[in-house]
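Q: Starting from these lines, generate the structure:
(one chain, ligands or ions: 1)
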Amino acid sequence: MKKKLAYIGIGVLLFFVLAFSAYKLMNARNYQLFGNITSHVETHEKVVALTFDDGPTENTDALLSLLDDYQVKATFFLIGKDIEENPEEAKKIAEAGHQIGNHTYSHKRMVLKSTSFIKKEIEKTDALIARIGYQETPMVRPPYGKKLIGFPYYLNKHQRKTITWNLEPDTYFTKVDEKINYVKENIQPGSIILMHPMYDQTDNELQAIAGILQTLTDEGYAMVTVDELLKFQK
Ligand SMILES: [Zn+2]
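A: Next comes the predicted model:
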C-alpha cells in the first residue's frame, strides 16, 4: 500500500515537472527544440532593431511617417488575415523599404496544432506577403511568442528564421513615459524591441514609439531591420 502511494506520488511529481518544462519551453524567447531562434544579437556595436507586431491596420500611415522622420527602417510582423483586409496598408510598408515578417494567418497560439494547420498558417501568409510585392523570404514570429514542438519543427524543416525579442515594454507598462524609460534603462547593443502600434486607438503607442526613437537616437543607437541586425552577430 505504502509502495503504491509512493509510485502515485512520483507520478504526480513527474507530471508537474514535465508540465512545467513544457510551459517554460513554450514561452522561452531564445530556445526551441528545432532550428534557430533569435531574441537579440551579440554585438558591441550600438545597433538595435525596432519590431512591430500585428496588423496592418489604418494606423499604418502615422507610423510610417514617424519612422520616416527618423529615417529608420523597422521590421513589421504582419498577420495574414489583416493583410487580406488591408492590402493597401501592407503594400505601403513594403514600398517604404521596411522588412516584413510572417506572424501567421490567424494569430492563434501555435501550440498543440497539427502540421497541416501550421503549414497552412505560414504558407497562406507567405503568399499574401509575396502578393503585396515583398520579395524576400519572410522571417517568422510566433503569436504571443509561443511555440512547442510542431511549429519549430516545421520552420526548421523549411529553413525559416524564428525571431522573438528581448525588450517588451507593452508587457510591463501602460503609460507612455514608463515604456520609454524601460527601453532607455534596458537597451543594449543587439536588442530587439517589440511594440504593438496597430490596434491602439489612443495614440499612446505611437507616442511611446516616438519617445523611443528620440531616446535611442540621443543615446547614439542606430535602428535597423532584423535582417541588418543579424549581420552584426559576433
Ligand atoms: Zn501578435
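
Q: Run through the protein and note the low-pLDDT ranges.
A: Residue ranges of the chain with pLDDT under 70: 1.

Q: What parts of it come near the ion?
A: 53-54, 143 (CB under 5 Å from the ion). Every residue, glycine included, has its C-beta placed from N, CA and C.

Q: Pairing partners for whichever residue of the chain sits closest to the ion in the sheet, please.
A: Closest contact between the chain and the ion, by CB to the ion, is at Asp53 (4.0 Å). The partner list for Asp53 in beta bridges (DSSP bridges) reads Phe77.

Q: For it, grab the count of nearby residues.
A: Counted with other CB atoms under 10 Å, residues neighbouring Asp53 total 25.

Q: and if you look at Ile149?
A: For Ile149, using other CB under 10 Å, the count is 16.

Q: Counting neighbours, what do you get for the residue nearest to it when sequence neighbours are not counted?
A: Closest residue to Ile149 apart from its sequence neighbours, by CB to CB, 6 or more residues apart in numbering: Leu33 at 6.1 Å. Per other CB under 10 Å, the neighbour tally for Leu33 reads 15.

Q: can you check Ser106 too?
A: Count around Ser106 with other CB under 10 Å applied: 14.

Q: where does it land in three-state SS?
A: coil (DSSP: H, G, I helix; E, B strand; the rest coil).

Q: Just confirm it contacts Lys81, I think it does.
A: Yes: look at Ser106 against Lys81 with CB atoms under 8 Å: they come within range, at 6.2 Å.

Q: Leu229: what's it in contact with?
A: Applying CB atoms under 8 Å, 6 or more residues apart in numbering to Leu229 gives the contacts 41, 47-49, 190, 192.

Q: again, only using 6 Å
A: Listed by CB atoms under 6 Å, 6 or more residues apart in numbering, the contact set of Leu229 reads 41, 49.

Q: so which helix or strand takes in it?
A: Taking DSSP states H and E as the criterion, Leu229 maps to helix 226-230.

Q: swap in Ile192?
A: strand 192-195.

Q: which residues in the chain form helices?
A: Taking DSSP state H as the criterion, the chain contains helices spanning 2-27, 60-69, 80-85, 87-95, 115-131, 150-157, 169-172, 176-186, 204-218, 226-230.

Q: got TSV for these, with distance to Met198 too?
A: As requested, the helices of the chain are exported to TSV (distance: least, CB to CB, whole Å):
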stretch	distance to Met198
helix 2-27	23
helix 60-69	8
helix 80-85	8
helix 87-95	9
helix 115-131	15
helix 150-157	22
helix 169-172	12
helix 176-186	16
helix 204-218	9
helix 226-230	18
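
Q: what about Tyr172, how many neighbours?
A: Per other CB under 10 Å, the neighbour tally for Tyr172 reads 10.

Q: Ile37: which of the helices of the chain is closest?
A: Ranking the helices of the chain by proximity to Ile37 (CB to CB) places helix 150-157 first, at 7.3 Å.

Q: Next, the buried residues of that closest one.
A: 150-156 (16 or more other CB atoms under 10 Å).

Q: Which elements pack onto it?
A: Applying 3 or more CB pairs under 6 Å, 6 or more residues apart in numbering; DSSP states H and E, we find helix 150-157 packed against helix 115-131.
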